[in-house]
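A.B. asks: take a look and give me a structure for this.
(one chain, ligands or ions: 1)
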Amino acid sequence: MAENIRIIGDTLPGVDLNAPLLEVDDLGVEFKVRGKRIPAVRHASFTLERGRTLAVVGESGSGKSVTSQAIMGILDTPPARITHGRVLFHGVDLLELDEVTRRGVRANHISIVFQDALSALNPLWSVGFQIGELFRVHRGASRAEAKKRSIELLDLVGIPDAKNRVGHYPHQFSGGMRQRVMIAMALALDPEVLIADEPTTALDVTVQAQIMRLLKGIQEERNMGLILITHDLGVVADVADDVAVMYAGEVVERAGIRDTFKRPAHPYTKALLRAIPRVDQVGRELEVIKGLPPNPAKLPGGCPFHPRCFAADDKCRDEVPPWAEPAENHGSRCHYAEEVYVDER
Ligand code: SF4
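C.D. replies: Residues are numbered from 1 along each chain as shown. Next up, the predicted model:
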């Protein structure tokens, strides 16, 4: 079914409402640094459906945030460049759109909450002005209407006394409250996809839990697709429906939440899970993943995880593992991915 959907007074042709809400298909991004091309994302593929939460997990430098910026169309180009792949929104490849149309999609349909709310908010304007500007610019709202909507949104994200707080500046809010303001801004135009890029990293544990509950609640209420970029598997276990694990710029495992935790197929996922501290294992030494993530400019040959992998052999050192799907909705980039399911056949 091909339809048009409205974006700021124009239409986005070719939309297929039967297609997945968002599909990232073999995305590649590189950066040009001092004349050298450095691959930051090499093979990122995953699908997000309406009403579901997809967690994109991995260590720093694995390509998670670059992938989210590529989806949003906010990469600095140059030095960044998308080398291959597609980002399909309702079947329309966003990478093929001109900048004006892309901006319309970004403003109205796909939104992002950044990690550091203090740098993302303008210190010179009240939070109400910054939220209201979205309604004025993209919906043609009057100042009074924009202010009213800003107060409603601040209320929605749990800012107490929103009527009064709407005139306050970012520095007058705590870290957790600033992150709520960022969420309010991201929700302002009622997006279908919300990307939350490490939204709780800078917050203490109690506030982290409150923010995640808020995001999950709003996602369910609005039936949005939520992409949660995180390195915290505890958060993933609480909120995600599906998981994509990234390593060295590739998605190395993709599965539903249950399979990810109960029968991970990639040794990197297994190692991440073993590195989670558990209250039922007091006294047991916490396992760590040996070594460091590879330098993207000097990736090891064969499987890029082999220098750190407990199961590596000669084949891993010599041959790049292909993507394999050992079971429905469960894929992995490991030579031995199938073995997870062998006992059950
Ligand atoms: Fe480990 Fe080999 Fe699988 Fe890579 S291909 S994850 S080195 S077992």
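
A.B. asks: and Ala297, how many neighbours does it have?
C.D. replies: Each residue near Ala297 was counted by other Cβ atoms under 10 Å, and the total is 11. C-beta coordinates here come from the backbone N, C-alpha and C atoms, glycine included.

A.B. asks: wait, Leu233
C.D. replies: Neighbour tally, Leu233, other Cβ under 10 Å: 20.

A.B. asks: ok, Glu253 - contacts?
C.D. replies: Residues in contact with Glu253, defined by Cβ atoms under 8 Å, 6 or more residues apart in numbering, are 243-245, 260, 264-266, 268-269, 331-334.

A.B. asks: switch to 7 Å and redo it
C.D. replies: Applying Cβ atoms under 7 Å, 6 or more residues apart in numbering to Glu253 gives the contacts 245, 264-266, 269, 332.

A.B. asks: how about the helix or strand hosting it: buried residues?
C.D. replies: Assigned by DSSP states H and E, Glu253 belongs to strand 250-256. For strand 250-256, a neighbour-count test (16 or more other Cβ atoms under 10 Å) marks 250-256 as buried.

A.B. asks: low-confidence ranges, the stretch 201-345 of the chain, go.
C.D. replies: Low-confidence regions of the stretch 201-345 of the chain, defined here as pLDDT under 70, cover residues 202-203, 279, 340-345.

A.B. asks: all helices for it, in order.
C.D. replies: 205-222, 233-239, 257-262, 267-274, 314-318 (DSSP state H, counting those that start in this stretch).

A.B. asks: turn the ones you listed into CSV, including distance to Leu187.
C.D. replies: CSV is the format used below for the helices of the stretch 201-345 of the chain (distance: least, Cβ to Cβ, whole Å):
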stretch, distance to Leu187
helix 205-222, 7
helix 233-239, 17
helix 257-262, 24
helix 267-274, 30
helix 314-318, 44
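
A.B. asks: which of those sits closest to the ligand?
C.D. replies: Proximity to the ligand (Cβ to the nearest ligand atom) singles out helix 314-318 among these, at 3.1 Å.

A.B. asks: buried residues, stretch 157-177. List them.
C.D. replies: Neighbour-count burial for stretch 157-177 flags 157-159, 162, 165-166, 168-170, 173, 175-177 (criterion: 16+ other Cβ under 10 Å).

A.B. asks: which residues are contacting it?
C.D. replies: Against stretch 157-177 from outside (Cβ under 7 Å, 6+ apart): 118, 121, 123, 126-128, 147, 150-151, 154-155, 178, 180-181, 183-184, 202-203, 207, 210-211, 214.

A.B. asks: quick revisit: and the helices of the stretch 201-345 of the chain, which is most packed in?
C.D. replies: Among those, the stretch with the highest mean neighbour count (mean count of other Cβ atoms under 10 Å) is helix 267-274, at a mean of 20.

A.B. asks: taking strand 250-256 as reference, get the angle to it.
C.D. replies: Angle, helix 267-274 to strand 250-256, by axes from the mean of the first three to the mean of the last three Cα atoms, to 10 degrees: 60 degrees.

A.B. asks: hmm, back to that, among the contacts of stretch 157-177, name the ones in helices.
C.D. replies: Applying DSSP state H to the contacts of stretch 157-177, the entries found in helices are 118, 127-128, 147, 150-151, 154-155, 178, 180-181, 183-184, 207, 210-211, 214.

A.B. asks: buried ones among the residues you listed?
C.D. replies: Buried among those (16+ other Cβ under 10 Å): 127-128, 147, 150-151, 154-155, 178, 180-181, 183-184, 207, 210-211, 214.

A.B. asks: quick check: the farthest pair among the residues you listed?
C.D. replies: Lys147 and Val207 (26.9 Å; Cβ to Cβ).

A.B. asks: ok, residues contacting stretch 318-334?
C.D. replies: Outside stretch 318-334, the residues that reach it (Cβ under 7 Å, 6+ apart) are 250, 252-256, 259, 265-267, 302-303, 335, 337-338, 340-341.

A.B. asks: restricting to C-alpha, output that stretch in PDB.
C.D. replies: This file holds the C-alpha atoms of stretch 318-334, laid out as PDB (Å, rounded to 0.1, in the frame of the first residue of the first chain):
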ATOM      1  CA  ASP A 318      41.800 -16.100   8.900                       C
ATOM      2  CA  GLU A 319      38.100 -15.800   7.800                       C
ATOM      3  CA  VAL A 320      35.600 -13.000   8.300                       C
ATOM      4  CA  PRO A 321      32.500 -14.700   9.700                       C
ATOM      5  CA  PRO A 322      29.300 -14.300   7.700                       C
ATOM      6  CA  TRP A 323      26.000 -13.300   9.100                       C
ATOM      7  CA  ALA A 324      24.100 -16.400  10.100                       C
ATOM      8  CA  GLU A 325      20.500 -16.900  11.400                       C
ATOM      9  CA  PRO A 326      20.600 -19.900  13.700                       C
ATOM     10  CA  ALA A 327      16.900 -19.400  14.500                       C
ATOM     11  CA  GLU A 328      14.000 -17.200  13.500                       C
ATOM     12  CA  ASN A 329      14.600 -13.600  14.500                       C
ATOM     13  CA  HIS A 330      18.000 -14.500  15.900                       C
ATOM     14  CA  GLY A 331      21.100 -13.700  13.900                       C
ATOM     15  CA  SER A 332      24.800 -13.500  14.600                       C
ATOM     16  CA  ARG A 333      28.100 -12.800  13.000                       C
ATOM     17  CA  CYS A 334      30.100 -15.700  14.300                       C
END
